[in-house]
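[1] Turn this into a model:
(one chain, ligands or ions: 1)
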Amino acid sequence: MSVLIVGSTALDSIKTPKAENPRLLGGSASHAAVAASFFAPVKLVGIVGEDFPRRYLQLYKRHQVDLAGLQIAAGKTFHWSGEYEVNMNSRRTLETELGVFETFTPKLPASYRDSQFVLLANIAPSLQSHVLDQMRRPKFVVADTMDLWLNIALPDLLQLLKRVDGFVLNDSEARQLTQEDNLVAALKKIHKLGPRYVIIKKGEHGAILSTRNGLFLSPAYPLHRVVDPTGAGDSFVGGMMGYLSTARGSIDDNLRRAMIYGSVVASFCCEGFGLKFTTRITRPAIEARFKELAKLTRF
Ligand code: AMP
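    The predicted structure is shown next:
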């Protein structure tokens, strides 16, 4: 089984109180694809410009990411820059340059259309829907989003939510979407919008899953030092979908375990700038941290 992932393929310039790193490989789809690749083959859908460094294409290839769905267009790659405060939970977007994303229409190669596991990582909800339109009969579709789309493309997002199995968003987005301060109440309201599985991410405090069978609290791995949390949410959902696509049994049987794998990959992501640390880890390192998390939460 492979996972189809669509989202942003970007160059990120990231500033923290301790360092500054320009033009790193980033984007929701890049983080999610590398995270998923530790578990399953990945088919990437995205767009980059002619300025996209060749070494980043090599990096995808080293992770066996299928690039048949990656368009290379005339123009500039999507560029995002952000700055973190001393408290790394607080981030400010400095600039977003859409570049080739401005005219992007995702087109799926024939070899992608039968994919069973689909991750609609963060991009405009109309583009996420456009990808779904081209799929045959996917088994499990999960969408991620960000506050920007709640602000400027809410009708498109609401349309999309009627068509997905799972929806992942962070706590402030859940509050904004539902106008509900209490997250348990917010989860109920989000189910009414369509998705059977809803996951609210709470950064260093883990994530909450809500299904017909009730709630599950997934911990975050406690890190001594966070270098750059950019892409942690994308790594979480990428790792989760990668694991799910290879696990035997039903989604309900495997989703909790998948979330723990997602938390583990997200923790590695936070330990280096961009994808620098994530791309160096191995499956045994993931398994070791998975066991540690299980021990830390058993009582
Ligand atoms: P996260 O830290 O999980 O919120 O994800 C950060 C990633 O989102 C970065 O790598 C950015 O390139 C990407 N990103 C930022 N703004 C947007 C946007 N408007 N659309 C799609 N991706 C974005």
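[2] my guess is R256 meets F216, correct?
    Yes. Between R256 and F216 a contact is recorded at 5.1 Å, counting by Cβ atoms under 8 Å. From N, CA and C alone the C-beta is placed, and that goes for glycine too.
[3] Show me whatever sits in contact with both of these two.
    Listed contacts common to R256 and F216 are L209; contacts here mean Cβ atoms under 8 Å, 6 or more residues apart in numbering.
[4] Give me the helices and strands touching the longest helix seen in the chain, please.
    The helix of greatest length in the chain, counted in residues with DSSP state H as the criterion, is given as helix 251-269. Using 3 or more Cβ pairs under 8 Å, 6 or more residues apart in numbering; DSSP states H and E as the contact criterion, the secondary-structure elements in contact with helix 251-269 are helix 28-37, strand 197-201, strand 207-211, strand 214-218, helix 232-246, helix 283-296.
[5] now the angle from that helix to strand 214-218?
    On the basis of axes from the mean of the first three to the mean of the last three Cα atoms, to 10 degrees, helix 251-269 is oriented at 20 degrees to strand 214-218.
[6] buried ones in helix 251-269?
    Buried residues in helix 251-269, counting neighbours by 16 or more other Cβ atoms under 10 Å, are found at 251, 254-255, 257-269.
[7] CA atoms only: put that helix into CSV for me.
    Taking C-alpha atoms only, helix 251-269 is exported to CSV below (Å, rounded to 0.1, in the frame of the first residue of the first chain):
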residue,chain,number,x,y,z
ILE,A,251,-8.8,1.8,10.7
ASP,A,252,-10.4,1.7,14.2
ASP,A,253,-8.0,-1.1,15.2
ASN,A,254,-4.9,0.8,14.2
LEU,A,255,-5.6,4.5,14.5
ARG,A,256,-4.4,4.9,18.1
ARG,A,257,-1.1,3.2,17.4
ALA,A,258,-0.8,5.2,14.2
MET,A,259,-1.1,8.5,16.2
ILE,A,260,1.7,7.4,18.5
TYR,A,261,3.9,6.8,15.5
GLY,A,262,2.9,10.2,14.2
SER,A,263,3.9,11.8,17.5
VAL,A,264,7.2,10.1,17.4
VAL,A,265,8.1,11.3,13.9
ALA,A,266,6.9,14.8,14.8
SER,A,267,9.2,14.8,17.9
PHE,A,268,12.2,14.1,15.6
CYS,A,269,11.1,16.9,13.3
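[8] mean confidence for that helix?
    Here the mean pLDDT over helix 251-269 is 98, rounded to a whole number.
[9] is that helix up against the ligand anywhere?
    No. Contact between helix 251-269 and the ligand, assessed by Cβ under 6 Å from any ligand atom, is absent, since the two come no nearer than 8.8 Å.
[10] Out of the helices and strands packed on helix 251-269, which gets nearest to the ligand?
    Checking those against the ligand by Cβ to the nearest ligand atom gives helix 232-246 as the closest, at 3.3 Å.
[11] what about that closest one and the ligand, touching?
    Yes. Remark: helix 232-246 sits within contact range of the ligand at A232, G233, D234, by Cβ under 6 Å from any ligand atom.
[12] And the residue nearest the centre of the chain, how close does it get to D252?
    Taking Cα atoms, centre = their mean as the criterion, D234 is the residue nearest the geometric centre of the chain, at 2.4 Å. Counting by Cβ to Cβ, to the nearest Å, the gap from D234 to D252 is 24 Å.
[13] For the stretch 101-250 of the chain, which residues score under the pLDDT cut-off?
    Scanning the stretch 101-250 of the chain with the threshold set as pLDDT under 70 gives no residue ranges.
[14] the helices in it, which residues?
    Assignment of helices within the stretch 101-250 of the chain using DSSP state H, counting those that start in this stretch yields the ranges 125-133, 147-152, 154-161, 171-178, 183-192, 232-246.
[15] As a markdown table, the ones you listed with distance to E20 would be great.
    Output for those, formatted as a markdown table (distance: least, Cβ to Cβ, whole Å):
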| stretch | distance to E20 |
| --- | --- |
| helix 125-133 | 30 |
| helix 147-152 | 24 |
| helix 154-161 | 33 |
| helix 171-178 | 26 |
| helix 183-192 | 34 |
| helix 232-246 | 19 |
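[16] just these: most buried one?
    helix 232-246 (a mean of 29; mean count of other Cβ atoms under 10 Å).
[17] Show me which residues of the stretch 51-200 of the chain sit near the ligand.
    Residues of the stretch 51-200 of the chain lying close to the ligand by Cβ under 6 Å from any ligand atom are W80, T96, N122, I123, L148.
[18] The first one: helix or strand, and which one exactly?
    Under the criterion of DSSP states H and E, W80 resides in strand 79-84.
[19] what sits against the residue nearest to the centre of the chain?
    G7, S28, A29, S30, H31, A32, A35, A121, N122, D144.
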